[in-house]
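1. Whatever this is, show me its structure:
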Amino acid sequence: MPGDKAGLRRAAREAAMRIMYSMEFSGQTPETAATDYWAAHKVGDAMRAYATQILDGVAARRAEIDALINGASDNWPLARMAAVDRNILRVAVYELLKCPDVPTAVAINEAVEIAKQYAAPETASFINGILGKIEKEVRKET
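-> Below you'll find the model as predicted:
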């Protein structure tokens, strides 16, 4: 596990995405899914804290986050997206909405890089396009 802040946050984003992904198939609550994940993956406190922040934030704002994704994904509703894609997007949109310390380019690039690792080959550009639309709506720094 990388010790630097960027590596720690990447690992936390991946963990949050993986936990949310598993919840879709298991029907577990966020707490139970996270407990199971942490039991199988020993990580440091800082990484777990950031992943938990993402999980809690997405859960608290799920309707808002999903509405933003649906609004930005022309003719491709959230329900039709692969579960991995949905959850990568949810992590990034949460960061765009509620983590002002995460620069826009970092939130988008991290989602694209995670997509390259976990999703279909064409997913990275799909995610980049959706997040590009959303960031114009939620962040005015561009």
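2. Could you use CA atoms for every contact and neighbour count after this?
-> Noted.
3. who does the longest helix anywhere in the chain touch, helix- and strand-wise?
-> Ranked by residue count, the top helix of the chain under DSSP state H comes out as helix 5-26. Contact partners of helix 5-26 among helices and strands, from 3 or more C-alpha pairs under 8 Å, 6 or more residues apart in numbering; DSSP states H and E: helix 30-40, helix 45-60, helix 83-98.
4. helix or strand for residue 120, which one?
-> For residue 120, there is no host helix or strand (DSSP states H and E).
5. for residue 67, that is, sorry about that
-> helix 62-72.
6. Low-confidence stretches in the chain?
-> Scanning the chain with the threshold set as pLDDT under 70 gives 1-3, 141-142.
7. Pick out the residue closest to the middle of it.
-> For the chain, residue 91 is the residue whose C-alpha lies nearest the centre (C-alpha atoms, centre = their mean; 1.8 Å).
8. For residue 111, see how far away it is.
-> Separation of residue 91 from residue 111 (C-alpha to C-alpha, to the nearest Å) stands at 8 Å.
9. try residue 12
-> 12 Å.
10. Between those two, tell me which one has more neighbours.
-> Higher neighbour count among residue 12 and residue 111: residue 111, with 27 against 23, using other C-alpha atoms under 10 Å.
11. how near is that one to residue 118?
-> For residue 111, the distance to residue 118 - C-alpha to C-alpha - is 10 Å.
12. same thing with residue 57?
-> With C-alpha to C-alpha as the criterion, residue 57 and residue 118 are 22 Å apart.
13. Who has more neighbours out of these two?
-> More crowded of residue 57 and residue 118, by other C-alpha under 10 Å: residue 57, with 19 against 16.
14. sorry, back to before: quick one: which of the helices and strands packed on helix 5-26 is nearest residue 69?
-> Within the helices and strands packed on helix 5-26, the stretch nearest residue 69 is helix 83-98; the backing value is 7.4 Å (C-alpha to C-alpha).
15. Outside of the closest one itself, list whatever touches it.
-> Residues outside helix 83-98 that contact it (C-alpha atoms under 8 Å, 6 or more residues apart in numbering): 13, 16-18, 20-21, 24, 54, 57-58, 61, 65-66, 69, 78, 102, 104, 107-108, 110-111, 114-115, 118-119, 123, 127, 131, 134-135, 138-139.
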